[in-house]
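Visitor: fold the following for me, if possible:
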Amino acid sequence: MTSTAQAPQSGARTAHPDHLGHVIFIAAAAAMGGFLFGYDSSVINGAVEAIRGRYDIGSAALAQVIAIALIGCAIGAATAGRIADRIGRIRCMQIAAVLFTISAVGSALPFALWDLAFWRIVGGFAIGMASVIGPAYIAEVAPPAYRGRLGSFQQAAIVIGIAVSQLVNWGLLNAAGGDQRGELMGLEAWQVMLGVMVVPAVLYGLLSFAIPESPRFLISVGKHDRARRILEEVEGKDVDLKARVAEIETAMKSEHKSTFKDLLGGGFFFKPIVWIGIGLSVFQQFVGINVAFYYSSTLWQSVGVDPADSFFYSFTTSIINIVGTVIAMIFVDRVGRKPLALIGSVGMVVGLALEAWAFSYHLVDGKLPNTQGWVALIAAHVFVLFFALSWGVVVWVFLGEMFPNKIRAAALGVAAAAQWIANWAITASFPSLADWNLSGTYVIYTVFAALSIPFVLKFVKETKGKALEEMG
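Guide: Below you'll find the predicted structure:
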């Protein structure tokens, strides 16, 4: 491509912003959508048993209420790229923030189970939009030398959102005397837990007014002067801004607004690069990572762990998740995306296989034998650590970087939609699979972790240090 030859002329690949702190703020603000995903997906855990009691429903129906938000996520992710290409990345974030706020209020004040499910779908749509716009916007704004670390803000925000929601739930539960249905501010405690999400939702909306539009979007709509100012702001004064704009414009000249039709081609419906993105998304979910966050407390109680201890183990898992994410942020631009993914896959295979082994033992007095109990607990933390330092971060970075400019927004939307559908499949199926055979369920997750190794080796190309105009 012509743009590949031109890339070094502007100095973009070695650009260092004059005010790195400002660029970090921009990336962090965009990643607030990830925080809301983590918060929303985890906050429902504090309400599960209360919803079961209030509406008198069984485990299967309860699992659907928990998982139904993910259907909204898939729809939001599939449509966000097209919306962002038409109205801009920032406007898309603002729409998502409004939907987050409406969902939080509606979820806190439901009058029936279907009503609660509807508001969760609305929130899911917002999450899906944010999941696409966050990594795409960060990849388009971040200087190439910092793009991996800044791109990993999305996953960092998700894991922090999970941990914060657990702390907020714990605090509200204590304020309500330890009863999820206890009165708090005139409502039942679980309603307040869901309603508190209004705070980060409004913050996300406010932050969207404090960050610039993507230079690539501005160039696509002819606003070159504004794009140059933003490029100078995020890439530094040493970059030849005229050449940089020309470089981006050249890469976009033969392009049109990406649509679903642009993704079609090859012998298997989609173009090969789109299938690779879908594969990354599916593998990220099919290792069962969200079982560790949606059902961890229920899981530990099912093998005899005291409820209070089960909450503590869920919280320590979220801390390990944060630690692993920080490790990934440090090494994603140093080691590269592909090596981190392979390291993580191997570690996940070990952790999941040990969990499967431990859960294969019969319970004694309602508990796992002592050795198997400790192995299961340690292995669960090992699994989460290796996921967090690898697939949790690199998949989001890959999806923001790997697609050619011509199809990036639409392809990212499809890949992210596949991720939400896979997430839903795991979330909705786990209770039934666990009732069937808990050890067998973890064997399935282990197999997917093992299959991710040849998939990465054969199909995934390293994107470290490349300008976005070089992809394709």
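
Visitor: Three-state assignment for the closest residue to Y445 other than its chain neighbours, please.
Guide: Once flanking residues are discounted, Y445 sits nearest to G288: 3.7 Å by Cβ to Cβ, 6 or more residues apart in numbering. Glycine gets a C-beta too; all of them are placed from N, C-alpha and C. Classification of G288 using DSSP: H, G, I helix; E, B strand; the rest coil returns coil.

Visitor: what are the ranges of the helices in the stretch 301-450 of the chain?
Guide: In the stretch 301-450 of the chain, the helices defined using DSSP state H, counting those that start in this stretch lie at 307-331, 337-359, 370-388, 391-401, 408-459.

Visitor: okay, the residue lying closest to F315 once chain neighbours are set aside and V43: tell me how far apart.
Guide: Nearest non-adjacent residue to F315, counting by Cβ to Cβ, 6+ apart: Q166, 5.4 Å away. Separation of Q166 from V43 (Cβ to Cβ, to the nearest Å): 8 Å.

Visitor: got it, and E401?
Guide: Relative to V43, E401 is positioned 30 Å away (Cβ to Cβ).

Visitor: contacting residues for the residue nearest to F315?
Guide: Contacts for Q166 (Cβ atoms under 8 Å, 6 or more residues apart in numbering) come out as S42, N45, G46, F311, S314, F315, S318.

Visitor: try it again at 7 Å.
Guide: By Cβ atoms under 7 Å, 6 or more residues apart in numbering, the contact list for Q166 reads S42, S314, F315, S318.

Visitor: buried ones only from those, please, as a PyMOL command.
Guide: To isolate the buried members of the contacts of Q166 in PyMOL, using 16 or more other Cβ atoms under 10 Å:
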select buried, resi 42+314+315+318
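
Visitor: which of the contacts of Q166 sits closest to F118?
Guide: Of all the contacts of Q166, S42 has the smallest distance to F118: 20.5 Å, by Cβ to Cβ.

Visitor: which two of the contacts of Q166 have the greatest separation?
Guide: Across the contacts of Q166, the longest distance by Cβ to Cβ is 10.6 Å; it joins S42 and F315.

Visitor: re earlier: neighbours of the residue nearest to Y445, how many?
Guide: Counted by other Cβ atoms under 10 Å, the residues lying close to G288 total 24.

Visitor: same check on H19?
Guide: Neighbours around H19, by other Cβ under 10 Å: 11.

Visitor: how near is it to P215?
Guide: H19 is 16 Å from P215, where distance means Cβ to Cβ.

Visitor: before we move on, what about I66?
Guide: 40 Å.

Visitor: could you do F283 as well?
Guide: Distance from F283 to P215, by Cβ to Cβ: 32 Å.

Visitor: now do G76
Guide: G76 sits at a distance of 25 Å from P215 (criterion: Cβ to Cβ).

Visitor: cool, and N174?
Guide: Per Cβ to Cβ, N174 is found 47 Å from P215.

Visitor: what about these two, which has more around it?
Guide: P215 (25 against 10).

Visitor: wait, that one sits on D225?
Guide: No. Look at P215 against D225 with Cβ atoms under 7 Å: they stay out of range, at 11.2 Å.

Visitor: quick one on the thing from earlier: so which of the helices of the stretch 301-450 of the chain has the densest surroundings on average?
Guide: The highest average neighbour count among the helices of the stretch 301-450 of the chain, using mean count of other Cβ atoms under 10 Å, belongs to helix 391-401 at a mean of 27.

Visitor: show me what it is packed against.
Guide: Here helix 391-401 touches helix 113-141, helix 147-151, helix 153-175, helix 272-286, helix 307-331, helix 337-359, helix 408-459, going by 3 or more Cβ pairs under 7 Å, 6 or more residues apart in numbering; DSSP states H and E.

Visitor: now it against helix 153-175, angle please.
Guide: Angle of helix 391-401 versus helix 153-175, following axes from the mean of the first three to the mean of the last three Cα atoms, to 10 degrees, is 130 degrees.

Visitor: who's in contact with helix 391-401?
Guide: Outside of helix 391-401, the residues within contact range by Cβ under 7 Å, 6+ apart are 135-136, 138-139, 148, 151-152, 154-155, 277, 280-281, 284, 325, 328-329, 332, 337, 340-341, 344, 412, 415-416, 463, 468, 471.

Visitor: alpha carbons of that helix, as CSV, please.
Guide: Only the C-alpha atoms of helix 391-401 are listed here, as CSV (Å, rounded to 0.1, in the frame of the first residue of the first chain):
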residue,chain,number,x,y,z
TRP,A,391,-6.1,-12.6,26.5
GLY,A,392,-7.9,-10.1,28.7
VAL,A,393,-5.8,-7.3,27.3
VAL,A,394,-4.3,-8.4,24.0
VAL,A,395,-7.6,-9.3,22.4
TRP,A,396,-8.9,-5.8,22.9
VAL,A,397,-5.6,-4.4,21.6
PHE,A,398,-5.6,-6.8,18.6
LEU,A,399,-9.2,-5.9,17.7
GLY,A,400,-8.3,-2.2,17.7
GLU,A,401,-5.3,-2.7,15.5
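
Visitor: give me the distance from that helix to the chain's centre.
Guide: Its chain's average C-alpha position is 9 Å from that of helix 391-401, according to Cα atoms, centre = their mean, to the nearest Å.

Visitor: got the angle for that helix vs helix 408-459?
Guide: Going by the same axes, to 10 degrees, helix 391-401 makes 120 degrees with helix 408-459.

Visitor: for helix 391-401, give the mean pLDDT please.
Guide: Across helix 391-401, pLDDT averages out at 85.

Visitor: now the angle between helix 337-359 and that helix, please.
Guide: Going by the same axes, to 10 degrees, helix 391-401 makes 150 degrees with helix 337-359.

Visitor: for I26, give me its contacts.
Guide: With contact taken as Cβ under 7 Å, 6+ apart, I26 is in contact with V141, I211, V234.

Visitor: does the last one touch A145 like I think?
Guide: Right, V234. No. Contact criterion Cβ under 7 Å: V234 and A145 do not qualify, at 11.7 Å.

Visitor: local confidence estimate at G148?
Guide: Looking at G148, its pLDDT stands at 75.

Visitor: do you know how far it is from L280?
Guide: Distance from G148 to L280, counting by Cβ to Cβ: 15 Å.

Visitor: ok, those two, which is more surrounded?
Guide: For the pair G148 and L280, the greater number of neighbours falls to G148 (29 against 25), based on other Cβ under 10 Å.

Visitor: my read: W300 touches S310, true?
Guide: Yes. The criterion here is Cβ under 7 Å, and W300 meets it with S310 at 3.9 Å.

Visitor: please work out how many residues are found near the nearest residue to F459 once chain neighbours are set aside.
Guide: Distances taken as Cβ to Cβ, 6+ apart place I276 nearest to F459, at 5.1 Å, with adjacent residues excluded. Neighbourhood size, I276 [other Cβ under 10 Å]: 22.
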